[in-house]
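Trainee: below are the sequence and a predicted model; questions follow.
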Amino acid sequence: MAAMRACFWLSLLLVSFLGCAQGCTPMEEPGDAGSDAPRSDAPRIGRDAGPPPEDLEGFIDWQMSEGGIYGLSAATFREGEIDRVMARGHADQDTLVDEHTLFLVASVSKTVVAALLLQLAESGELDLDADIATYLGHPARHPDFPDTPITTRMLATHTSGLIDDWLELGDVTVSGMDSTMTLAEFAQHYIEGDRAEYHWGDAGPGASRQYCNAGFGILGAIIEAAGGMPLPEQAETRIFSPLDLDGASFHLADADVSRIAPEQTFNRTSRAFTAQPNRGYGFYPATALRISVTGLARWVLGHALGGELEGARFLSEESMALLETAAFPTVSAGQHFVWYGERAGGIVWNGHSGSSIGATTLVIYRPAERAGLVLLTNSDASIRNRLGDSTGNDAIDAIVDRLLAEVP
């Protein structure tokens, strides 16, 4: 088992160095290595399927088959109305995906963190440009740049100087349950723990963009300190419940586990899928949101409508502008406050992608047209692409382009 874990985390380290295949995020989330070998009765997909059918559903099914995508949900909207919701493939061996199937959305989780931070800033409970030590209650400085404060805005734009230590993140990832580590414990351990020297990049705070999941675990601790209650409770009372986001939860304990589509890895040689166990993360605000396509479509639609959905305003116009413009243009022209510019269908949208061991997600919107798209899968297409198998990403790109072309 130790050898398996070492090999697994080595592969994640390799992926993290391969850089970005879609949008502007590098490899995002580690997962647990303790899954079984591929089942002999695992679904298999065929090769040499011929050209894709012309009808939409046939086209998507063909792309899923060729690309090794187990299950998929998607929704599109235009002029402020959701006009299409699709569910294809399997949640697990015995269950088809439907509009209420819950998927792990990986780094799209960070979009909820963005809203919580900005809500606290709007209410005066959080200063985005204050030293984060103000909220954490312990020092938080880059050891090579001790005179430069790290701010919440830097963490939210991946410019804090922190980097991901995949061995450390693996150690705080557990199988089959939520992590018992609090966000405050994670933040202090990551900043001051025995591996802290490996958690900083060469550039100082505010000088360079380096995508960092660990920073969102620390942002979670800041949200809890500023908001005075656990992050999942803040998310539920301020976002999930008011906006009626079907199935949304950060913790397995709060989810209807029977609705979760297990993440699936795909073996390119055997063309077999292997279900992965549900995982919990010590840095869960970065990656652990599970939600249905119905709920996620409402979330992104609310952004396209300017921070309001069905009379429930969750962000001000000023806050929405932060999500849609470059935070530090001289450092990264495409990085906004958590969100970033995402190209799809030949157009740049405001968006965020997510990838994990067995999950690939994309959300995009354009406020001018009040239009957008969400796509969720329980397949590791994006990660496979970074390891040299482009078929999954090719299929997802083709599906996204076709769905966008189908929107009236």
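Mentor: Thanks, I have the structure now. Source: prediction; values computed, not measured.

Trainee: give the contact list for Ala286.
Mentor: 28-29, 107, 109-110, 113, 213-217 (CB atoms under 8 Å, 6 or more residues apart in numbering). (Glycine included, C-beta is placed from N, CA and C.)

Trainee: show me the strands in the stretch 1-150 of the chain, by range?
Mentor: Secondary structure of the stretch 1-150 of the chain (DSSP state E, counting those that start in this stretch): strands located at 71-78, 81-92, 95-96, 103-104.

Trainee: how about the stretch 151-300 of the chain?
Mentor: Under DSSP E, counting those that start in this stretch, the stretch 151-300 of the chain gives strands at 173-175, 264-267, 272-275, 279-281, 290-291.

Trainee: so which of the ones you listed is the most surrounded?
Mentor: Most buried of the strands of the stretch 151-300 of the chain, by mean neighbour count (mean count of other CB atoms under 10 Å): strand 290-291, with a mean of 28.

Trainee: helices or strands up against that one?
Mentor: Contact analysis of strand 290-291 by 3 or more CB pairs under 8 Å, 6 or more residues apart in numbering; DSSP states H and E lists strand 103-104 as its packing neighbours.

Trainee: if you set the cut-off to 10 Å instead, what comes out?
Mentor: For strand 290-291, the packing partners by 3 or more CB pairs under 10 Å, 6 or more residues apart in numbering; DSSP states H and E come out as strand 103-104, helix 293-304, strand 371-377.

Trainee: can you redo these as JSON lines with distance to Gln335 and mean neighbour count?
Mentor: As requested, the helices and strands packed on strand 290-291 are exported to JSON lines (distance: least, CB to CB, whole Å; neighbours: other CB atoms under 10 Å):
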{"stretch": "strand 103-104", "distance to Gln335": "24", "mean neighbour count": "30"}
{"stretch": "helix 293-304", "distance to Gln335": "17", "mean neighbour count": "24"}
{"stretch": "strand 371-377", "distance to Gln335": "19", "mean neighbour count": "28"}
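
Trainee: what about the ones you listed, which gets the closest to Gly280?
Mentor: strand 103-104 (11.3 Å; CB to CB).

Trainee: helices along the stretch 251-400 of the chain, start to end?
Mentor: Taking DSSP state H, counting those that start in this stretch as the criterion, the stretch 251-400 of the chain contains helices spanning 293-304, 317-323, 381-386, 391-406.

Trainee: tell me how far Arg271 lies from Ala326.
Mentor: 42 Å (CB to CB, to the nearest Å).

Trainee: again with Thr237
Mentor: 31 Å.

Trainee: any regions of the stretch 301-408 of the chain where pLDDT drops low?
Mentor: 407-408 (pLDDT under 70).

Trainee: thinking again about what came up before, neighbour count: Thr237 and Ala326, which is higher?
Mentor: Taking other CB atoms under 10 Å, Thr237 and Ala326 do not tie; Ala326 has more neighbours (16 against 12).

Trainee: need the contact list for the spatially closest residue to that one that is not a sequence neighbour.
Mentor: Of all residues not flanking Ala326 in the chain, Ala333 sits nearest, at 5.3 Å (CB to CB, 6 or more residues apart in numbering). Contact analysis of Ala333 by CB atoms under 10 Å, 6 or more residues apart in numbering lists 24, 209, 326, 340-341.

Trainee: what's the most distant pair in these?
Mentor: Farthest-apart pair in the contacts of Ala333 is Arg209 and Gly341; separation 12.8 Å (CB to CB).

Trainee: the more surrounded of the two?
Mentor: The neighbour count for Arg209 versus Gly341, taken as other CB under 10 Å, is higher for Arg209 (22 against 19).

Trainee: pretty sure that one sits against His158.
Mentor: Yes - the pair Arg209 / His158 is scored as a contact, 5.1 Å apart, by CB atoms under 10 Å.

Trainee: identify the contacts common to these two.
Mentor: Counting by CB under 10 Å, 6+ apart, the residues touching both Arg209 and His158 are 24, 327-328, 331-332, 335, 340.

Trainee: looking at those, which is nearest Glu197?
Mentor: Val331 (23.9 Å).

Trainee: how many residues are close by that closest one?
Mentor: Neighbours of Val331 under the rule other CB under 10 Å: 17.

Trainee: residues in contact with it?
Mentor: Applying CB under 10 Å, 6+ apart, the residues near Val331 are 154, 157-159, 203, 206-209.

Trainee: can you say which of the helices and strands packed on strand 290-291 is nearest to Ala221?
Mentor: With CB to CB, the closest approach to Ala221 among the helices and strands packed on strand 290-291 belongs to strand 103-104: 21.9 Å.

Trainee: give the pairing partners of that closest one; include direction for each.
Mentor: Strand 103-104 has the following sheet partners, assigned by DSSP bridges: strand 290-291 (antiparallel).

Trainee: which neighbours do Arg209 and Gly341 share?
Mentor: Jointly contacting Arg209 and Gly341 under the rule CB under 10 Å, 6+ apart are 24, 332-335.

Trainee: pick out the most distant pair among the residues you listed.
Mentor: Spatially, the most separated pair among the shared contacts of Arg209 and Gly341 is Cys24 and Ala333, at 9.9 Å (CB to CB).

Trainee: shared neighbours of those two, which are they?
Mentor: When CB under 10 Å, 6+ apart defines a contact, the residues bordering Cys24 and Ala333 alike are 209, 340-341.

Trainee: show me the shaky parts of the chain.
Mentor: In the chain (pLDDT under 70), the answer is 1-49, 407-408.

Trainee: ok, the most centrally placed residue in it to Met320 distance?
Mentor: Nearest to the geometric centre of the chain sits Ser107, at 1.5 Å (CA atoms, centre = their mean). From Ser107 across to Met320, the span is 20 Å (CB to CB).

Trainee: so can I have JSON lines of the contacts of Ala286 showing distance to Gly282?
Mentor: As requested, the contacts of Ala286 are exported to JSON lines (distance: CB to CB, whole Å):
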{"residue": "Glu28", "distance to Gly282": "15"}
{"residue": "Glu29", "distance to Gly282": "12"}
{"residue": "Ser107", "distance to Gly282": "16"}
{"residue": "Ser109", "distance to Gly282": "14"}
{"residue": "Lys110", "distance to Gly282": "16"}
{"residue": "Val113", "distance to Gly282": "15"}
{"residue": "Asn213", "distance to Gly282": "11"}
{"residue": "Ala214", "distance to Gly282": "9"}
{"residue": "Gly215", "distance to Gly282": "13"}
{"residue": "Phe216", "distance to Gly282": "11"}
{"residue": "Gly217", "distance to Gly282": "7"}
